[in-house]
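*Asks:* how does the following fold in three dimensions:
(one chain, ligands or ions: 1)
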Amino acid sequence: MPERSRNVTSNQPGPHQDLSRRVARALTHPLRKPLAEHTRETFAAADAWRVERGDRPLILDAGCGVGLSTRQLAERHPESTVLGIDRSADRLSRDHGPLPDNARLVRADLVDFWRLALAGGWRPVRHYLLYPNPYPKSAHLKMRWQGHPVFPVILALGGRLELRSNWRLYVEEFALAVEQVTGDRAPVTGFEPGGDFLTPFERKYHHSGQLLWRLGVELPHRPDLVPDA
Ligand SMILES: C[S@@+](CC[C@H](N)C(=O)[O-])C[C@H]1O[C@@H](n2cnc3c(N)ncnc32)[C@H](O)[C@@H]1O
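*Replies:* Numbers count the residues shown, from 1 in each chain. Okay, the predicted model is just below:
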């Protein structure tokens, strides 16, 4: 029996009225949350592995869940180094067999990991945000990546950023936030996975009859987007 999931419901009729103010704030106010020591250690280990693998294209799967997308990306891009990052030990511990040699799963909070990656000079060629938690209540805007103070860091890393969600408004808000920062409007498109699912959430939403939305944008590496602490 396939897992079912309900459509996202929100008390927001359209893009959040505070989005632009929050993006502007993130661009001018440094994120002061201290970096967790354990994330520094996790990052250092991931960075050592990346360096050990030589100068290969880097792909980030941010919020990778159980890591099935990380595996697929590693198989599709054997020349690359692929890192799946998620804060959930439970999800990361699900056994889906050995990972390809060019992939690793890392347990970390992205808010810290992204900042360390930018400070460490990482330049992903591809960066995936696949089905982030939608936080659909209007009061939770600041928990969506486009309303979070870490948003400029996500864009500053650069590369081809791909966001997918079953909530169209999430992707539309993200597109507005990208436009506010870069001046470029990335198109939001519906898509049909056609049985070729990149993630378990993608499969679940599709099998529940939900529409899927995505945005892809090519970003330059722009550390200057992040305000100095
Ligand atoms: C809805 S799930 C999607 C998982 C996977 N991408 C998929 O499509 O199957 C969202 C994932 O984001 C992770 N996540 C949310 N906030 C995070 C954070 N701050 N740092 C790391 N992972 C986070 C959660 O643990 C969860 O696994």
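*Asks:* from now on I want contacts and neighbour counts done on CA atoms only, so please keep to that.
*Replies:* Noted.
*Asks:* quick one: contacts for the most centrally placed residue in the chain?
*Replies:* Taking Cα atoms, centre = their mean, the centroid of the chain lies closest to Leu129, which sits 2.8 Å from it. Residues counted as contacts of Leu129 (Cα atoms under 8 Å, 6 or more residues apart in numbering) are 61-63, 161-164.
*Asks:* try 10 Å
*Replies:* Residues counted as contacts of Leu129 (Cα atoms under 10 Å, 6 or more residues apart in numbering) are 60-64, 145, 154, 161-165, 214-215.
*Asks:* restricted to strands, list the residues you listed.
*Replies:* Among these, the members falling in strands (DSSP state E) are 60-62, 161-165, 214-215.
*Asks:* quick one: which of these is most hemmed in?
*Replies:* Ranked by the number of neighbours (other Cα atoms under 10 Å), the ones in strands among the contacts of Leu129 place Ala62 first, at 27 neighbours.
*Asks:* my read is that that residue contacts Thr70, right?
*Replies:* Yes: if you go by Cα atoms under 10 Å, Ala62 and Thr70 touch, sitting 9.3 Å apart.
*Asks:* what about the strands in this structure?
*Replies:* With DSSP E as the criterion, the chain has strands spanning 58-62, 81-86, 103-107, 126-130, 159-165, 188-191, 212-219.
*Asks:* name the helices or strands packed onto the shortest one?
*Replies:* Contact partners of strand 188-191 among helices and strands, from 3 or more Cα pairs under 10 Å, 6 or more residues apart in numbering; DSSP states H and E: strand 159-165, helix 168-182, strand 212-219.
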